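[1] below are the sequence and a predicted model; questions follow.
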Amino acid sequence: MRSEQAARPARSGTVDIHVMGELAVYRDGQPLPLPQSKKTRCLLAYLAVVQRPQRRERLCEMFWEVPDDPRGALRWSLSKARQVIGDALEASRESVHLNTDRIGLDYREAMRALSGDLSSLDTEELERLAALFRGPFLADLALPRCAEYEAWRVSHVNELELLQLRLRRLLIDRLRSEPQRALVHAHALLALNPEDKAVAAEAESLALESRRQTLGQTPAPIGLPRQATVRTVARKLPSIHQDIRYCTTRSGVRIAYAECGEGMPIVKTANWMSHLEFEWESPIWRHWIEALSEQNRLIRYDERGNGLSDRRIDDVSFEALLADLEDVIDAASVDRFALLGVSHGCAISIAYAVRHPERVSHLVVYGGFARGWRAAENTEKTEYWTTLKTLIRQGWGQNNPAFRQVFTSLFIPGANQQQMDWFNELQRKTVSPEIAERLHDSFGNFDVVDLLPKVAVPTLVLHAHGDAVVPFKSGRAIATRIPSARFVTLESDNHILLADEPAFGRFVDELRRFIASNPGS
């Protein structure tokens, strides 16, 4: 990998700030000493990344506790930061702003390039961007006792990790004929996830091929050093291919959506904790993708705040999520399709079907509810979900999966250890603690009960009998209120059906039979 200076060339007379790794500040390529105070360094990094004026009151609340003298501590920290940054740090009586027009920032450079179409960039430019990743975002500046700052930092850690995964994966694919160069990126991927056996096998394969080229031996197929790797490579060469695209909604949010398969379209409304790329080879969602796209054109998308869609969002209301579904469908150019809702996506799907009955040929809802936990005014349930909200706020972004394991045990109690480990990691990778908590709150307010009698399209309702996330009676209540809806009980305790359980096979059979035998009008 290139040196830090090569990764972000310093320009004469300018200051460069690096936040992708440990915080570092350079002037004319020379490192500057940083303040000894950790909170001062955190404040400096925060102002550099947010790139907009911040109210002094908010900064005091974010970094200092009330019993102290927050305003005095802020003034002191700003004076220390100004010794490093100079007059680019602008402060008034009410607000503070770091003018980054005169400052180079590795994060800004990476986001401008990596948020677009990576495939349009040449390999040299991709390698230059890869060199920007010196480590996790602000790796040395965790503040566990400053919850708001820490949630902000962790969300950026996850966002950049996902972007780096895309970048390294593309570079490996492009550089297969130059295994020594590709090996650098395979090792970087392995550092992100040391337990990923597929990446480990790929790195071993690239190292072997690099040695063969060095010795002038006949090349062997990349990825086939031994029988164990053959199975991995076979899994890496799926029979289906997904195309990921982006659309900008009417509210200005960038949504990632994917298409795979051919045939009658099925649009799957987004569910919580989604990631189009991370799900592609997962032991939790891969079988869903394969089954739904085997005979159909499957369109799915990452909910706002999740996965490859915009992570920093303001509105997570029901209407905003419904509007996103409408905009994705328009962007995908499908006129008539089957609509599949899973979990909280069921309520959104029901609302869409009532609003656009001419476009929905079939409505399938699985594991859903018509009224959220807060809207239902059930004191016991409200206390239960409020407790889970606290767990989200305190433990979602931590490296220790203990908090997230609570959710995993609810969603997939029948999972094996590999599946549970993957779902634990899914929670951390796909959504920040702040957005997870806000979405959780929003779901509690969902209420489409009054819309159920207005559903005028053929409807199939399925629900797992032992579902601990959404009670069985919620699915049955949906079916009883939608005219002529068919209800199917699935014998499972899992909220997300797993590949090896009979309930998933029945779910697929029922869905296919329903779509085939109910053409809709």
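    The structure has been received and is ready for your questions. Residues are numbered from 1 along each chain as shown.
[2] strands of the stretch 401-521 of the chain, start to end?
    459-464, 486-490 (DSSP state E, counting those that start in this stretch).
[3] out of these, which is the most enclosed?
    Greatest average neighbour count among the strands of the stretch 401-521 of the chain goes to strand 459-464 (a mean of 25), per mean count of other CB atoms under 10 Å. Quick note: C-beta positions are derived from backbone N, CA and C, even for glycine.
[4] listing partners with orientation, what would you give for it?
    Sheet pairing of strand 459-464 (DSSP bridges) gives strand 360-366 (parallel), strand 486-490 (parallel).
[5] got the ones you listed as CSV, with mean pLDDT and distance to Leu89 columns?
    Formatted as CSV, those follow (pLDDT from 0 to 100; distance: least, CB to CB, whole Å):
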stretch, mean pLDDT, distance to Leu89
strand 360-366, 97, 53
strand 486-490, 96, 59
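[6] could the ones you listed go into a markdown table alongside distance to His287?
    Formatted as a markdown table, the strands paired with strand 459-464 follow (distance: least, CB to CB, whole Å):
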| stretch | distance to His287 |
| --- | --- |
| strand 360-366 | 14 |
| strand 486-490 | 15 |
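[7] okay, domains of this structure per the record?
    Listed domain ranges for the chain are 4-150, 175-236, 243-517 (source: automatic domain parsing).
[8] nearest to Glu159, of the ones you listed?
    domain 243-517 (5.3 Å; CB to CB).
[9] measure that closest one end to end?
    With CA to CA, to the nearest Å as the measure, domain 243-517 spans 29 Å from end to end.
[10] check stretch 99-115 too.
    23 Å.
[11] looking at the domains of the chain, which one is packed in the most?
    domain 243-517 (a mean of 19).
[12] now for this protein, the helix or strand with the poorest mean pLDDT.
    When each helix and strand of the chain is scored by mean pLDDT, DSSP states H and E, helix 227-236 comes last, with a mean of 30.
[13] hmm, back to that, looking at the domains of the chain, which has the lowest confidence?
    Per-segment mean pLDDT for the domains of the chain reaches its minimum on domain 175-236, at a mean of 66.
[14] quick one, strands of the stretch 51-200 of the chain?
    Using DSSP E, counting those that start in this stretch, strands in the stretch 51-200 of the chain cover 54-55, 89-91, 95-98, 103-105.
[15] switch those over to CSV; also include distance to Leu190.
    As requested, the strands of the stretch 51-200 of the chain are exported to CSV (distance: least, CB to CB, whole Å):
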stretch, distance to Leu190
strand 54-55, 38
strand 89-91, 39
strand 95-98, 35
strand 103-105, 28
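[16] in JSON lines: the strands of the stretch 401-521 of the chain, plus distance to Val364.
    Formatted as JSON lines, the strands of the stretch 401-521 of the chain follow (distance: least, CB to CB, whole Å):
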{"stretch": "strand 459-464", "distance to Val364": "5"}
{"stretch": "strand 486-490", "distance to Val364": "10"}
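[17] nearest to Gln30 among those strands would be which one?
    The nearest among those, by CB to CB, is strand 459-464 at 61.3 Å.
[18] now do the contacts for the residue nearest to His362 when sequence neighbours are not counted.
    Leaving aside its chain neighbours, His362 sits nearest to Ala338 (4.1 Å; criterion: CB to CB, 6 or more residues apart in numbering). Residues near Ala338 by CB atoms under 8 Å, 6 or more residues apart in numbering: Met264, Pro265, Ile266, Val267, Asn296, Val360, Ser361, His362, Leu363, Val364, Ile515.
[19] which residues does Leu89 bridge with?
    Going by DSSP bridges, Leu89 forms beta bridges with Leu98.
[20] pretty sure it sits against Arg102.
    No. Taking contacts as CB atoms under 8 Å, Leu89 lies outside contact range of Arg102: 10.8 Å.
[21] wait, which of the contacts of Ala338 is closest to Arg145?
    Val267 (43.9 Å).
[22] please tell me how far that closest one sits from Val334.
    7 Å (CB to CB, to the nearest Å).
[23] what's the overlap in contacts for these two?
    If you check Val267 and Val334 against CB under 8 Å, 6+ apart, the residues they both contact are Ile299.
[24] which SSE is Leu298 in?
    strand 297-301 (DSSP states H and E).
[25] partner strands of that strand and their direction?
    Counting by DSSP bridges, strand 297-301 is paired with strand 254-260 (antiparallel), strand 265-268 (parallel).
[26] reformat those strands as TSV; add distance to Ser210.
    Formatted as TSV, the strands paired with strand 297-301 follow (distance: least, CB to CB, whole Å):
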stretch	distance to Ser210
strand 254-260	33
strand 265-268	41
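[27] could you check the angle strand 254-260 makes with the helix or strand Ala323 falls within?
    According to DSSP H and E, Ala323 maps onto helix 318-332. With axes from the mean of the first three to the mean of the last three CA atoms, to 10 degrees applied, the angle from helix 318-332 to strand 254-260 works out at 50 degrees.
[28] please compute how far helix 318-332 lies from its chain's middle.
    Centroid displacement of helix 318-332 relative to its chain, using CA atoms, centre = their mean, to the nearest Å, is 18 Å.
[29] tell me the helices and strands packed up against that helix.
    Packing partners of helix 318-332 (3 or more CB pairs under 8 Å, 6 or more residues apart in numbering; DSSP states H and E): strand 243-248, strand 254-260, strand 265-268, strand 297-301, helix 345-355.
[30] format those as TSV; extra columns: distance to Arg56.
    Converted to TSV, the helices and strands packed on helix 318-332 look like this (distance: least, CB to CB, whole Å):
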stretch	distance to Arg56
strand 243-248	34
strand 254-260	31
strand 265-268	45
strand 297-301	39
helix 345-355	40
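[31] still on that earlier bit, and the residue nearest to His362, which of the three is it?
    At Ala338 the chain is in strand, as set by DSSP: H, G, I helix; E, B strand; the rest coil.
[32] my guess is Ser484 contacts Val457. True?
    No. Using CB under 8 Å, Ser484 makes no contact with Val457, being 9.9 Å away.
[33] which SSE is Glu277 in?
    Using DSSP H and E, no helix or strand contains Glu277.
[34] how far away is it from Arg41?
    In terms of CB to CB, Glu277 sits 33 Å off from Arg41.
[35] same question, Ala203
    34 Å.
[36] do the same with Thr489
    Relative to Arg41, Thr489 is positioned 57 Å away (CB to CB).
[37] same check, this time on Pro283
    40 Å.
[38] and Phe369, by the same measure?
    45 Å.
[39] give me the pLDDT value at Leu162.
    Confidence for Leu162, expressed as pLDDT, is 78.
[40] what sits against it?
    His275, Glu277, Phe278, Gly307, Leu308, Lys429.
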